[in-house]
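Trainee: Here's my sequence, what's the structure:
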Amino acid sequence: MNLMASHHDLDLDVLEQLSSGAHAVAPRIVHGCPPVTGCIVLATCNRFELYLDVDEPSLADEALEAAIAAIAQESGLDAGAVREALRAGTDHHTVRHLFAVAAGLDSMVIGEREVAGQVRRALSTAREVGTTSPALERLFQTASRVARTVGADTALGSTGRSVVGVALDLAEHELVRHGLGLSSARVLLVGTGSYAGASMRALANRGSHHVTVHSPSGRIPQLAALRGLPLVSSEALAATLAEVDVVVSCSGARGPVIDAAMVAAARGAAGPGARPRPLVVVDLALRHDVDPAVAQVPGVLLVDLAAVRDHSPATVGPAVAAGLAIVDEHVQAFAGATAEAAAAPGVVALRAHVEELLDAELARPGVRDEATARALRHFAASLLHGPMVRARDLARAGREEEFTAALEAMLGIT
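Mentor: Below you'll find the predicted structure:
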């Protein structure tokens, strides 16, 4: 089952609150609720989702209440508010939803590329904290394969759509109005994570040559080191703000890295030395790297996730239809494989029963020659083939319990 909240349903500030303690939610649920054997949290700039592996369907309500309590405790929200914010999905709906999310078909920017990486990292994080399970491993690994297939087999893979791309489009539009472009602008990139890496690549693709990097955590960004980009210390941050034309911030730090007073001082807004050119500040962090009050500083354009959402046209067309068709194909295949796995115990029991009878027959006096043994083994394999095929067919049709009941009724196998 899964619990989900996204930009489709909630304001981004509510998503921000839900996500504030995301890193601790999964361990709290898995260690505090025995029916939950696995939990993966997918928290991105426009969604907060939990995927739960529950021992028994009858215990789903207990798992749901445990998840709501954990989210409430870590986020500081009232449990009632958490319950109201989240939608629940089970079985087929959960699988289809994750596959569509990973393929970028349920995003703020349809066809975005970053979300596939976020799905992979959600699984990796669950492995690190010990909250994944075999069922969730298979679900998330399959979702990543679906994302690659949709990207390769539809036009969505070549559109270059992304949250970062839309944000930089808005930034460049403002720069062009003042005779600048990203290729000539001085850019400060704030952050060290995956979105910072995506932003750095997007800036490079747009010809940006004057990029410096600030790491709020103090860690040296690997991409900055590899590309030889200048690093800006915390002490030099204010001075750097006075020199750049664009700030792209996506650190995900807890609390603003850049506030209005800092930007106002950098702009020299209180005196005659105010800069004639605009400062474009792009905040891609769900938990606001940049104080929203920065938008009130004269000469500053703040591009945040709400602006990205408002400037992302809904895409409906052949590429999306083709992507959804691919998703549906993989959902059906996944359901079939899952059903076969559910029927496996009955198949194993039947095979063991026949092999036990065969071994007993071969052990009888008089059955000595290899030719007779081979013939009996071939006969047993032929006898098993039909029931095995039937078991798979029934499982894919959701009727695996009929196979189990037949084994018990005819052969006493349970």
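Trainee: Which stretches in the stretch 101-250 of the chain count as helices?
Mentor: Listed in chain order, the helices found in the stretch 101-250 of the chain under DSSP state H, counting those that start in this stretch are 114-129, 134-153, 163-177, 194-205, 222-227, 237-241.
Trainee: got those helices as TSV, with distance to residue 47 and mean pLDDT columns?
Mentor: C-beta: built from backbone N, CA, C; applies to glycine. Supplementary listing: these in TSV, determined by distance: least, Cβ to Cβ, whole Å; pLDDT from 0 to 100:
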stretch	distance to residue 47	mean pLDDT
helix 114-129	8	93
helix 134-153	14	93
helix 163-177	12	89
helix 194-205	14	83
helix 222-227	25	55
helix 237-241	30	91
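Trainee: Now distance to residue 33 and mean neighbour count too, for those helices, in a markdown table please.
Mentor: Formatted as a markdown table, the entries for the helices of the stretch 101-250 of the chain read as follows, by distance: least, Cβ to Cβ, whole Å; neighbours: other Cβ atoms under 10 Å:
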| stretch | distance to residue 33 | mean neighbour count |
| --- | --- | --- |
| helix 114-129 | 15 | 18 |
| helix 134-153 | 15 | 18 |
| helix 163-177 | 33 | 20 |
| helix 194-205 | 30 | 20 |
| helix 222-227 | 37 | 14 |
| helix 237-241 | 43 | 16 |
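Trainee: who wins for proximity to residue 380 among those helices?
Mentor: helix 134-153 (30.7 Å; Cβ to Cβ).
Trainee: quick one on the thing from earlier: wait, which of the helices of the stretch 101-250 of the chain is closest to residue 37?
Mentor: Each of these was scored for nearness to residue 37 using Cβ to Cβ, and the closest is helix 134-153 (8.1 Å).
Trainee: Compute the inter-axis angle for that closest one and helix 114-129.
Mentor: Our comparison of helix 134-153 with helix 114-129, counting by axes from the mean of the first three to the mean of the last three Cα atoms, to 10 degrees, yields an angle of 160 degrees.
Trainee: Next up, the contacts around the residue nearest to the spatial centre of the chain.
Mentor: With the centre of the chain defined as its mean C-alpha position, the nearest residue by Cα atoms, centre = their mean is residue 119, 2.8 Å away. Under the criterion of Cβ atoms under 8 Å, 6 or more residues apart in numbering, the neighbours of residue 119 are 42, 98, 101-102, 140, 143-144, 147.
Trainee: if I look at it, how far off is residue 7?
Mentor: Here the criterion is Cβ to Cβ, to the nearest Å. By it, residue 119 lies 17 Å from residue 7.
Trainee: now the helices of the stretch 101-250 of the chain as CSV including distance to residue 285?
Mentor: Compiled in CSV, those are given as follows (distance: least, Cβ to Cβ, whole Å):
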stretch, distance to residue 285
helix 114-129, 13
helix 134-153, 23
helix 163-177, 11
helix 194-205, 8
helix 222-227, 17
helix 237-241, 16
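Trainee: So for residue 402, which of these sits nearest?
Mentor: If we rank the helices of the stretch 101-250 of the chain by Cβ to Cβ, the stretch that ends up nearest is helix 134-153, at 23.2 Å.
Trainee: contact partners of the closest one?
Mentor: The set of residues that contact helix 134-153 without belonging to it, under Cβ under 8 Å, 6+ apart, is 38-40, 51, 53, 94-95, 98-99, 101-105, 113, 115-116, 119-120, 122-123, 126, 156-157, 322-323, 326-327, 330, 334.
Trainee: so after the stretch of helix or strand residue 322 belongs to, what's the next helix or strand?
Mentor: For residue 322, the host element (DSSP states H and E) is helix 318-362. Sequence-wise, the next helix or strand beyond helix 318-362 is helix 370-396, with elements assigned using DSSP H and E.
Trainee: for that next one, packing partners?
Mentor: Using 3 or more Cβ pairs under 8 Å, 6 or more residues apart in numbering; DSSP states H and E, the elements in contact with helix 370-396 are helix 318-362, helix 400-411.
Trainee: Where in the chain is the helix or strand with the lowest mean pLDDT?
Mentor: The helix or strand with the lowest mean pLDDT-type score in the chain, counting by mean pLDDT, DSSP states H and E, is helix 222-227 (a mean of 55).
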